[in-house]
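*Asks:* Generate coordinates for the sequence data below:
(2 chains)
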Amino acid sequence: MTAESAAAGTAGPELVLAIALGLLFAFGTFLVLRRDVVRVVWGVAVISQAANVYLITMGGISGGVPVLEKLGHEAAPHGPVSDPLPQALVLTAIVIGFATTAFALVLTYRVYQEHGTIDADELAAAGEVVR
Amino acid sequence: MTVDQLVVAPVLVALVTAVLCLVVRRSLRAQRAVSVLGAFAYAGVVAALADRVLSAGVLTYNLGGWPAPAAIVFVADALSAFMLSLAAVLTVPVLIYSVWYVDEFGEKLTFHPLFHFMLVGVSGAFLTGDIFNLFVWFEVMLMASYVLVVFYSGAQHTRAGLRYLVLNLVGSALMLLAIGGLYATTGTLNMADLAMRLGNPGEYGVALAPVLGLSMLLFAVFALKAGAVPFQWWVPATYRAAPAPVTAMLAGVVKKVGVYALIRLYFTVFAAAQLDALSLPWGDTALAYFGPVVLAMATLSIAFGGLAAVGQDRLEDLLAYSSIGQVGFIVLPLSVGAFVPSVRHLAIVAALVYALNHTLSKGLLFLVAGTIRDATGTTRFDDLGGVARTHPVVAGAFLVGGLGLVGIPPLSGFFGKLLVFQTAADSRSWIALAVALGGALLTIAYVSRAWNRGFWGDPSAAVDRSSVDTRQVAVLVALAAAVVVVGVGFQPVYEFAGHAADAAVDRANYIEAVLPDGGHLATSGGEH
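*Replies:* This next block holds a predicted model:
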């Protein structure tokens, strides 16, 4: 209820972000479903970055401050401020995403070294033979 | 209630051990000593913490000294203590086993630090009272487990590791989405605060319908971690690729983090949401939605895991598929408890006891598979046979673990199965009872098949000329003894699980412990 009323005045940026989020998730999902493993890793990276953008958006970019409002403040003491918590969360998530993406790329290279291919179908076929 | 430094001790001990292992990495002997001593120290602090929790109630620790809803809070209640004990009980034998199992080069390289970093993540996940922090501990745990899965970095290991990695990265992104949505809807990340706000949605202006959807998104992530159908694809390849002690930890402990998160978030937190307009005929909380979904997943897990396990032609694959079925057994009573409030307490006790049994038995069985692979170079049933004649102690350990899974008294598995059946019977949910019975029959089928083909009969050529490492066998015997001891001395375990179930359903006490002043940061936290 409160988030909606805060956003009602300035729906512009949130609408743009909502559309951008939809496109990012669609693009990430498309990449994850490719056969090329490098693209799959790219797709995962796009999805996790989209999740970060989503976190910032849900934190309320137009001055809605869930942590202050819902604790009973009538208004923030110094006028509208952005909620700092989602930014801290996103910072953590970016660092984790950076590490996992780096690991995923190294692992992809290692998969290429071991198999001579990064085609997901050929990798799956290699699995059938070993079995 | 009581602020206590002991709450963070398990995480700290594991973290310090991991760092020390890196510091002394040049000397294999020193690294082994630090690592094993660290595991014992971990078990020690977990025992001390469990003892304190059982006598003093819920303990909390606000990181950085900030008041609760604003700070990340660590909460040790009986449920956390039970899960930590479960982790500690398996960690010590598995670590000692891996000293005799993992080759020296691998040990020197990364094994010990990674093992303890994984333990850091597991302990943090069991202790944290903040959902975003839960995500961070999941990542710590997973990051270490990714590297441990590709430890041998051969073709099949990298392939399995890649699959495990991509699935979990997508899972992590979904978890982040759910957490972001919950924060925007409720304005808090603290689990106790969340439970309180969901209990009084009017007062805090919380819309419950989005919370229901977001909770289901979280549920999918936890089910992925636990490896329940339909999120089970990563399990067999990953368990086959990882070194045997790591597989024992993945199946025994890491999977249980998903189960813990389900119990904690659903029974303690989301059950607080009274969905008036959205209520279903059999219940009006978020658990009413949780029940049928989990029942379906438990049924599919038990059926798929059991049937697939019967058809496997390698011991490790059989155990991996069996793990899928056993997770079904762990969550089956939870689904019944979600439907029928009167058996909720019993249901959680059943899930916890079954989880403990699965940790001990399956950990033991994976180590047996590792010993056999080490000795004979294979775990294919076609190349095995007659292990009982050449290596009777190893076969005996397998028998104890296998019968533990089946649930023969006086082993620990008997009480796990008994409580699952009792939950189903007390609530008169005949579907759950039928599923559990069918699953029990499948368990008997695949355990006896593994025994007949791998251990009974005349020794095959590979088994005949093999020799087992007696130090590995000593660990197997110790774990097998633990399976028997937990079964014979079941009363204290049952009481501990009972306290843990109390803690899981006693929401008011949990909120009171974490937020002693009702969570009104605005009034009390002003002077900080």
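
*Asks:* Contact partners for residue B:454?
*Replies:* Residue B:454 makes contact with B:315, B:372, B:381, B:384-385, B:387, B:398, according to Cβ atoms under 8 Å, 6 or more residues apart in numbering or on different chains. Heads up, the C-betas are built off the backbone N, CA and C, glycines and all.

*Asks:* As JSON lines, the residues you listed with secondary structure and pLDDT would be great.
*Replies:* Listed next are these as JSON lines, based on DSSP: H, G, I helix; E, B strand; the rest coil; pLDDT from 0 to 100:
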{"residue": "B:315", "secondary structure": "helix", "pLDDT": "93"}
{"residue": "B:372", "secondary structure": "helix", "pLDDT": "93"}
{"residue": "B:381", "secondary structure": "coil", "pLDDT": "90"}
{"residue": "B:384", "secondary structure": "coil", "pLDDT": "89"}
{"residue": "B:385", "secondary structure": "coil", "pLDDT": "86"}
{"residue": "B:387", "secondary structure": "helix", "pLDDT": "89"}
{"residue": "B:398", "secondary structure": "helix", "pLDDT": "95"}
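
*Asks:* I'd like the residues you listed as TSV, with neighbour count and distance to residue B:17 appended.
*Replies:* Listed next are these as TSV, based on neighbours: other Cβ atoms under 10 Å in any protein chain shown; distance: Cβ to Cβ, whole Å:
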residue	neighbour count	distance to residue B:17
B:315	26	32
B:372	27	30
B:381	19	38
B:384	23	37
B:385	22	41
B:387	27	35
B:398	28	31
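
*Asks:* Return the member of those residues nearest to residue A:17.
*Replies:* Relative to residue A:17, the closest of the contacts of residue B:454 is residue B:315; by Cβ to Cβ it sits at 51.9 Å.

*Asks:* Next, format the contacts of residue B:454 as JSON lines and append distance to chain A.
*Replies:* Converted to JSON lines, these look like this (distance: Cβ to the nearest Cβ, whole Å):
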{"residue": "B:315", "distance to chain A": "14"}
{"residue": "B:372", "distance to chain A": "19"}
{"residue": "B:381", "distance to chain A": "14"}
{"residue": "B:384", "distance to chain A": "17"}
{"residue": "B:385", "distance to chain A": "21"}
{"residue": "B:387", "distance to chain A": "23"}
{"residue": "B:398", "distance to chain A": "23"}
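
*Asks:* quick one: the residue sitting nearest the centre point of chain B from residue B:353, how far?
*Replies:* When Cα atoms, centre = their mean is applied to chain B, the residue found nearest the centroid is residue B:256 (1.2 Å). For residue B:256, the distance to residue B:353 equals 12 Å [Cβ to Cβ, to the nearest Å].

*Asks:* So is whichever helix in chain A runs longest next to chain B?
*Replies:* Among the segments of chain A that qualify as a helix by DSSP state H, the longest is helix A:84-115. Yes: Helix A:84-115 lies within reach of chain B by Cβ under 8 Å from any Cβ of the partner chain, at A:85-86, A:89, A:92-93, A:96, A:99-100, A:103-104, A:107-108, A:110-111, A:114-115.

*Asks:* and residue A:32, how far is that from residue B:427?
*Replies:* Separation of residue A:32 from residue B:427 (Cβ to Cβ) stands at 41 Å.

*Asks:* Please say which of those two ends up with more neighbours.
*Replies:* More neighbours surround residue B:427 than the other of residue A:32 and residue B:427, with 21 against 18 (other Cβ atoms under 10 Å in any protein chain shown).

*Asks:* Next up, phi/psi of the more buried one, please.
*Replies:* Backbone torsions of residue B:427, given as degrees, to the nearest 10, read phi -90, psi 0.

*Asks:* Now it: closest residue in space, sequence neighbours ignored.
*Replies:* Spatial nearest neighbour of residue B:427, excluding adjacent residues (Cβ to Cβ, 6 or more residues apart in numbering or on different chains): residue B:340 at 4.0 Å.

*Asks:* Look up which helix or strand the nearest residue to residue B:400 once chain neighbours are set aside falls in, please.
*Replies:* Nearest residue to residue B:400 in three dimensions, chain neighbours excluded: residue B:480, at 4.1 Å (Cβ to Cβ, 6+ apart). Element membership of residue B:480 [criterion: DSSP states H and E] is helix B:470-488.

*Asks:* so where's chain B uncertain?
*Replies:* For chain B, applying pLDDT under 70 flags the ranges B:1-3, B:519-528.

*Asks:* would you list every one of the strands in the stretch 51-200 of chain B?
*Replies:* Along the stretch 51-200 of chain B, counting by DSSP state E, counting those that start in this stretch, strands occupy B:59-62, B:73-76.

*Asks:* what ranges do the helices span in chain A?
*Replies:* Secondary structure of chain A by DSSP H: the helices cover A:2-8, A:11-32, A:37-58, A:66-69, A:84-115, A:120-130.

*Asks:* and if you look at the stretch 251-400 of chain B?
*Replies:* Along the stretch 251-400 of chain B, the segments classed as helices by DSSP state H, counting those that start in this stretch run B:255-262, B:287-310, B:315-339, B:344-376, B:387-390, B:392-406.

*Asks:* closest one to residue B:174 among these?
*Replies:* Relative to residue B:174, the nearest member of the helices of the stretch 251-400 of chain B by Cβ to Cβ is helix B:255-262, separated by 13.4 Å.

*Asks:* Determine the three-state secondary structure at residue B:216.
*Replies:* Secondary structure assignment for residue B:216 (DSSP: H, G, I helix; E, B strand; the rest coil): helix.

*Asks:* what's the spacing between it and chain A?
*Replies:* Distance, residue B:216 to chain A, using Cβ to the nearest Cβ, to the nearest Å: 17 Å.

*Asks:* about what we covered before: turn the helices of chain A into TSV, columns for mean pLDDT.
*Replies:* Shown next, in TSV, are the helices of chain A (pLDDT from 0 to 100):
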stretch	mean pLDDT
helix A:2-8	45
helix A:11-32	90
helix A:37-58	92
helix A:66-69	56
helix A:84-115	91
helix A:120-130	74
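
*Asks:* show me the contacts for the nearest residue to residue B:111 once chain neighbours are set aside.
*Replies:* Nearest residue to residue B:111, sequence neighbours excluded (Cβ to Cβ, 6+ apart): residue B:102, at 5.2 Å. Contact analysis of residue B:102 by Cβ under 8 Å, 6+ apart lists B:111, B:151, B:243, B:245.

*Asks:* try 10 Å
*Replies:* Taking Cβ atoms under 10 Å, 6 or more residues apart in numbering or on different chains, we find residue B:102 in contact with B:108-109, B:111-112, B:115, B:151-152, B:243-246, B:370.

*Asks:* now residue B:509
*Replies:* With Cβ under 10 Å, 6+ apart, residue B:509 has these contacts: B:1, B:57-58, B:77, B:502-503.

*Asks:* how about a cut-off of 7 Å?
*Replies:* Contact partners of residue B:509, counting by Cβ atoms under 7 Å, 6 or more residues apart in numbering or on different chains, are residue B:58.

*Asks:* same thing with residue B:300?
*Replies:* If you count contacts by Cβ under 7 Å, 6+ apart, residue B:300 has them with B:229-230.

*Asks:* what's the spacing between it and residue B:294?
*Replies:* 11 Å.

*Asks:* before we move on, what about residue A:31?
*Replies:* Going from residue A:31 to residue B:294 by Cβ to Cβ gives 32 Å.

*Asks:* next one: residue B:352
*Replies:* Taking Cβ to Cβ as the criterion, residue B:352 is separated from residue B:294 by 16 Å.

*Asks:* Likewise for residue B:340?
*Replies:* Separation of residue B:340 from residue B:294 (Cβ to Cβ): 13 Å.
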